[in-house]
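K.L.:
Have a look; sequence and predicted model below, questions after that.
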Amino acid sequence: MPAERRTLDGTPAGEPHFCHNPREYTPGVAAVSTIPSPGPATTPAATGPTSPVPPPGRETDAATLARVAERTAGKLLAPPALHRLADVVPAPQQVQPDPTEDWVLPAEAVIVASADPAALTVAAQLAGLLRPATGYPLPVTDATAPAPVDGIALVLDEAADLGAEGYRLDVTPNGVRITAVTATGLFHGVQTLRQLLPPAIESPVPVTEHWTLPGGTITDAPRFPYRGAMLDVARHFFAVEDVLRVVDHLARYKLNHLHLHLTDDQGWRIAVDAWPRLATVGGATEVGGGPGGHYTKADYERIVTYAAARHITVVPEIDLPGHTNSALVAYPELAPDKIAPPPYTGTEVGFSYVDPADERTYDFVTDVLAELAAITPGPWLHIGGDEAFKVKGEVYTGFVERVQRIVAGLGKTVVGWHQLAPAAHVDGRVLQWWGTNGEDPITVEAVREGARLIVSPGNHAYLDMKYAPDTPIGHDWAGLIDVRKAYDWDPGSHVTDVPEAAVLGVEAPLWTESVTSLADIELLLLPRLPAIAELGWSPRATHDWDGFRDRLAGQGPRWATAGISFHRAPEIPWPTIPSQRRPSQADAATL
């Protein structure tokens with residue numbers, strides 16, 4: 001007799017499985033209802049609903065046969081999938097629909113993954129996504145060769161020609177198979193599967209629904225390796241839970257980098273053991289005179305770990321040599337005149353800088369970056385470099401070149417705003433371009449020397465810009481950015497004379513001078529964030545405003561069901577959407 005197959009927590013497969021929903025928000029997690037398993041599974045043969053012969057010792061009664069009949073009838077009576085296979089954001093690379101191959105997720109479905117810890121983690125995340133709304137147990141188990149036997153199979157296949165982040169998703173009457181070379185690819189496939197289910201799948205409590213997925217195959221991989229968003233936590237401070245919520249939004253649309261702007265004139269947000277007053281004094285202010293705040297190293301590591309579990313790399317930024325008033329308040333010895341300036345709670349820029357002529361400044365930079373590098377597993381350290389208006393010419397380039405060498409000595413790759421371009425190149429250097437005019441010969445020359453670009457044009461990708469003149473928060477210095485303007489540009493050709501091969505990717509920054517709450521963050525992120533995500537992920541050939549706006553409209557009911565705030569942009573044909581609930585930690589979209 002074969003060994004009994006068991007789930008991750010030791011529960012026999014096919015038996016009730018009530019493992020807790022793997023949410024990582026610590027407060028206020030809603031309980032998840034589950035539906036008991038109907039007993040030993042009886043899977044109809046692929047050719048028809050014939051009842052299997054029970055093994056010896058199993059009860060053969062009318063109840064067993066009734067369960068088989070009920071399950072078969074449910075499949076026959078289920079309505080067609082509500083969505084087409086191509087109704088996904090970002091647009092997949094290749095879609096081959098087959099309306100005859102729709103599949104209904106049954107209550108007794110099992111999620112089977114390759115016997116690899118990373119694949120099993122993704123399987124557990126998928127179960128956590130599906131359990132709240134379905135109420136199904138969805139036990140997770142592993143297998144040497146996972147097969148979707150009326151369930152979902154997550155398969156790692158090193159021989160698959162899918163790349164490091166790509167995946168293939170197959171929906172057939174037998175179930176769903178997601179194939180990838182890496183767990184990252186499996187995770188992206190899970191996000192696509194999520195969008196193919198009805199919007200009710202985002203409900204935090206069980207609902208009655210036929211969980212039908214459209215049949216066919218999606219083969220998908222990203223256009224650019226770097227796809228990100230930036231959150232400014234310096235102008236206004238945001239709690240760890242708010243940052244985790246932003247991570248969830250990025251993961252939903254296959255973005256893979258979170259850039260945290262950790263320091264600025266208004267506040268210093270990361271603890272540094274060697275310079276403790278940076279956080280306790282420099283972090284005690286914010287725009288408008290609020291209390292500010294800072295992240296302990298444990299807080300930061302929690303964000304990094306949470307993001308990594310969702311295949312997102314955190315890119316920390318310490319802005320230098322300007323935007324440093326909060327550091328000077330804490331340590332006047334860093335100031336050019338060695339006098340502490342008053343704390344700053346306004347929104348002007350360009351007036352502060354650390355002393356580039358004092359060796360103590362470079363001790364400070366080395367200590368800060370070394371401590372940050374030690375708790376940042378990703379390859380990037382962002383050193384800012386923008387709007388240092390009082391540090392000019394050779395003094396500025398000399399400072400930047402020295403800091404670039406410090407970053408390289410820590411084993412990290414330097415990233416900076418494109419104002420770093422005149423400084424000498426170091427291996428791997430990345431410039432984040434935020435201009436509003438694609439003509440930039442200085443940046444082009446830096447690219448010729450080997451720099452790569454992250455493209456963040458202020459008049460297309462800056463999510464702190466207003467949608468329209470009456471948007472209650474945000475800026476308009478780079479113009480108004482409605483959803484179409486956020487979508488209608490090409491990162492691969494936007495900067496004149498920079499070849500697409502030199503473009504590492506795209507990032508959408510959100511500066512927070514006027515942003516004070518999670519609801520404000522979501523108002524400005526959504527629905528523009530998916531537009532930027534599609535530019536970073538999807539092939540240029542799929543770029544089509546009319547198609548995108550229709551696919552984007554389908555996200556509205558999902559956000560509303562999940563309790564996510566968003567701007568109901570008038571240019572998007574939103575379907576009827578229920579009134580939105582205020583977002584809460586219990587309602588957070590959990591991955």
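P.N.:
Alright, I've got the coordinates.

K.L.:
what ranges of the stretch 451-591 of the chain fall below the confidence cut-off?
P.N.:
Across the stretch 451-591 of the chain, the ranges flagged by pLDDT under 70 are 578-591.

K.L.:
Find me the pLDDT at the residue most central in space within the chain, would you?
P.N.:
For the chain, residue 250 is the residue whose C-alpha lies nearest the centre (Cα atoms, centre = their mean; 2.2 Å). On the pLDDT scale, residue 250 is placed at 99.

K.L.:
and what of residue 80?
P.N.:
Listed pLDDT for residue 80 reads 71.

K.L.:
Name the SS class of it, please.
P.N.:
coil (DSSP: H, G, I helix; E, B strand; the rest coil).

K.L.:
Next, the contact list for it, please.
P.N.:
99, 102, 212, 214 (Cβ atoms under 8 Å, 6 or more residues apart in numbering). For glycine as for every other residue, the C-beta is placed from the backbone atoms N, C-alpha and C.

K.L.:
Please look at residue 365 and residue 405 and confirm they touch.
P.N.:
No. Applying Cβ atoms under 8 Å as the test, residue 365 and residue 405 come out as separate, 10.7 Å apart.

K.L.:
Who has more neighbours out of these two?
P.N.:
Ranked by neighbour count (other Cβ atoms under 10 Å), residue 365 and residue 405 place residue 365 first, with 21 against 13.

K.L.:
Wasn't the more buried one part of a strand?
P.N.:
No. When classified by three-state DSSP, residue 365 is found to be helix rather than part of a strand.

K.L.:
Strands of the stretch 451-591 of the chain, residue ranges please.
P.N.:
Along the stretch 451-591 of the chain, counting by DSSP state E, counting those that start in this stretch, strands occupy 452-455, 503-510.

K.L.:
Check the burial of the nearest residue to residue 261 once chain neighbours are set aside by counting its neighbours.
P.N.:
Closest residue to residue 261 apart from its sequence neighbours, by Cβ to Cβ, 6 or more residues apart in numbering: residue 232 at 4.2 Å. Neighbour count for residue 232, taken as other Cβ under 10 Å: 22.

K.L.:
how close does residue 232 get to residue 479?
P.N.:
Here residue 232 is placed at a distance of 19 Å from residue 479 (Cβ to Cβ, to the nearest Å).

K.L.:
Also residue 183?
P.N.:
Per Cβ to Cβ, residue 183 is found 40 Å from residue 479.

K.L.:
Could you do residue 506 as well?
P.N.:
Residue 506 sits 18 Å away from residue 479, going by Cβ to Cβ.

K.L.:
With residue 120 instead?
P.N.:
Distance from residue 120 to residue 479, by Cβ to Cβ: 47 Å.

K.L.:
can you check residue 305 too?
P.N.:
For residue 305, the distance to residue 479 - Cβ to Cβ - is 38 Å.

K.L.:
ok, now residue 320?
P.N.:
From residue 320 to residue 479 the distance is 29 Å (Cβ to Cβ).

K.L.:
who's more crowded, these two?
P.N.:
Comparing residue 320 with residue 479 by other Cβ under 10 Å, the one with more neighbours is residue 320, at 28 against 14.

K.L.:
In three-state terms, label the closest residue to residue 195 other than its chain neighbours for me.
P.N.:
In space, and not counting its chain neighbours, residue 195 is closest to residue 88: 5.1 Å by Cβ to Cβ, 6+ apart. Per three-state DSSP, the secondary structure class of residue 88 is coil.

K.L.:
can you pull the buried residues of stretch 91-108?
P.N.:
91-93, 95, 97, 101-108 (16 or more other Cβ atoms under 10 Å).

K.L.:
Any chance of those residues in JSON lines with distance to residue 500 and pLDDT as columns?
P.N.:
Output for the buried residues of stretch 91-108, formatted as JSON lines (distance: Cβ to Cβ, whole Å; pLDDT from 0 to 100):
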{"residue": "91", "distance to residue 500": "18", "pLDDT": "98"}
{"residue": "92", "distance to residue 500": "20", "pLDDT": "98"}
{"residue": "93", "distance to residue 500": "16", "pLDDT": "98"}
{"residue": "95", "distance to residue 500": "24", "pLDDT": "98"}
{"residue": "97", "distance to residue 500": "30", "pLDDT": "97"}
{"residue": "101", "distance to residue 500": "36", "pLDDT": "96"}
{"residue": "102", "distance to residue 500": "38", "pLDDT": "97"}
{"residue": "103", "distance to residue 500": "38", "pLDDT": "98"}
{"residue": "104", "distance to residue 500": "42", "pLDDT": "97"}
{"residue": "105", "distance to residue 500": "40", "pLDDT": "98"}
{"residue": "106", "distance to residue 500": "45", "pLDDT": "98"}
{"residue": "107", "distance to residue 500": "48", "pLDDT": "98"}
{"residue": "108", "distance to residue 500": "48", "pLDDT": "97"}
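
K.L.:
Noted, bye for now.
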